[in-house]
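**Q** 3D model of this:
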Amino acid sequence: MGEAADLDRNLWPESQPIGSHVSVTEVLPRFFALLKNYILIESWNLSVYPEAVEQVAAAGIEIAWHAYRHEAWSKLDTKAEQDNFTRSFDAMSEFTGEAKGTIGPYRGFRPPGGIIHGDRTLKLCRNHGLSYISPSAEQGAVVKLDVGADSIAVLPFKWRTVDAYYYMDAFAGLRKVKGELPEEAQGPDVLVRKYIEEIDKVIETGGYLSTLFHPFLTNTPERVQAMEQVLRHLVQRRDEGKLWLARCCDIADWVLEHPGVVGDDPQWDNTSWR
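**A** Sure thing, here's the model as predicted:
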């Protein structure tokens, strides 16, 4: 959403109260009209914006996990990682159960920053009942754990289809490392062109692709329009029978039932730029 990450990085003004961030109060409602499948939240938002979370779930949108307060996952030591799981899942437990309506437990995890701690993270995911993880990587995969006794679906994201990669000055280092874009922040027109290129490429070659839009970055008419253009392209290609648009939890179930459609190597992207 934006607010949780600002708090974790000490960027939120102490004089400004929490619980009224524009990304939740103004932008998130616009997302409801555009997105019907998938939203990731930091668990911190469960207690600060419970009504917004309930509205997301009531719309039939999957609620997946994005750490407690958008902590930089690659920097967590063993104890901090375990504590983040515990704190986040304790928070979610207050929303689950038959008496809690449409909100169910987390099924998936996208680590902030995209980098995980190998099997340590994957085993924690499975121990907490997650069926998939969405780190930074190139290919969808099913990764075996415990010498083949268990497995988890990997439904990765690529930086080329993350809006922050284009819009944020803070990602200048990543743009430089990747060498695909100028270091300067890019406009919505570049995002639309690159997203559509990636969508059409995966249709041609086969595989899995996710597209990411952050509420706190979709904060101008031009950026909202860019998101709509990408979504229209996805729907058009779906209607042509070229791709399957679905919630990640549904894709994970299908992949785990048909592991032969993907490999066992996600081609992890452990690019670090900070």
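
**Q** Could I get the full set of strands for the stretch 51-200 of the chain?
**A** For the stretch 51-200 of the chain, the strands defined by DSSP state E, counting those that start in this stretch cover 62-65, 108-109, 132-133, 141-145, 150-154.

**Q** what's next to the second one, contact-wise?
**A** What that stands for is strand 108-109. Residues outside strand 108-109 that contact it (Cβ atoms under 8 Å, 6 or more residues apart in numbering): 62, 64-66, 125, 130-134, 155, 248-249, 252. Every C-beta, even on glycine, is put in place using the N, C-alpha and C of the backbone.

**Q** Which one, of the strands of the stretch 51-200 of the chain, ends up nearest to Val230?
**A** strand 62-65 (19.0 Å; Cβ to Cβ).

**Q** elements contacting the closest one?
**A** Applying 3 or more Cβ pairs under 8 Å, 6 or more residues apart in numbering; DSSP states H and E, one finds that strand 62-65 makes contact with strand 38-41, helix 50-58, strand 108-109, helix 248-257.

**Q** Quick check, Lys123 in contact with Leu145.
**A** Yes. Counting by Cβ atoms under 8 Å, Lys123 does reach Leu145; the two are 6.0 Å apart.

**Q** The contacts of strand 108-109 into CSV, with extra columns for distance to Thr205 and neighbour count?
**A** Shown next, in CSV, are the contacts of strand 108-109 (distance: Cβ to Cβ, whole Å; neighbours: other Cβ atoms under 10 Å):
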residue, distance to Thr205, neighbour count
Glu62, 26, 19
Ala64, 26, 22
Trp65, 29, 27
His66, 28, 27
Cys125, 28, 22
Leu130, 28, 23
Ser131, 25, 20
Tyr132, 21, 24
Ile133, 23, 27
Ser134, 20, 26
Leu155, 17, 26
Cys248, 20, 23
Cys249, 24, 21
Ala252, 21, 24
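
**Q** Quick one: name whatever helix or strand follows the helix or strand of the chain with the lowest mean pLDDT.
**A** Here the helix or strand of the chain ranked lowest by mean pLDDT, DSSP states H and E is strand 38-41, holding a mean of 57. Towards the C-terminus, the helix or strand next in line after strand 38-41, according to DSSP states H and E, is helix 44-48.

**Q** Which of the residues in that following helix are classified as buried?
**A** Trp44, Asn45, Leu46, Val48 (16 or more other Cβ atoms under 10 Å).

**Q** Pick the one among the residues you listed closest to Gln82.
**A** Using Cβ to Cβ, those come closest to Gln82 at Trp44, 17.6 Å.

**Q** my guess is the closest one meets Arg69, correct?
**A** Yes. Judged on Cβ under 8 Å, Trp44 makes contact with Arg69 at a distance of 4.6 Å.
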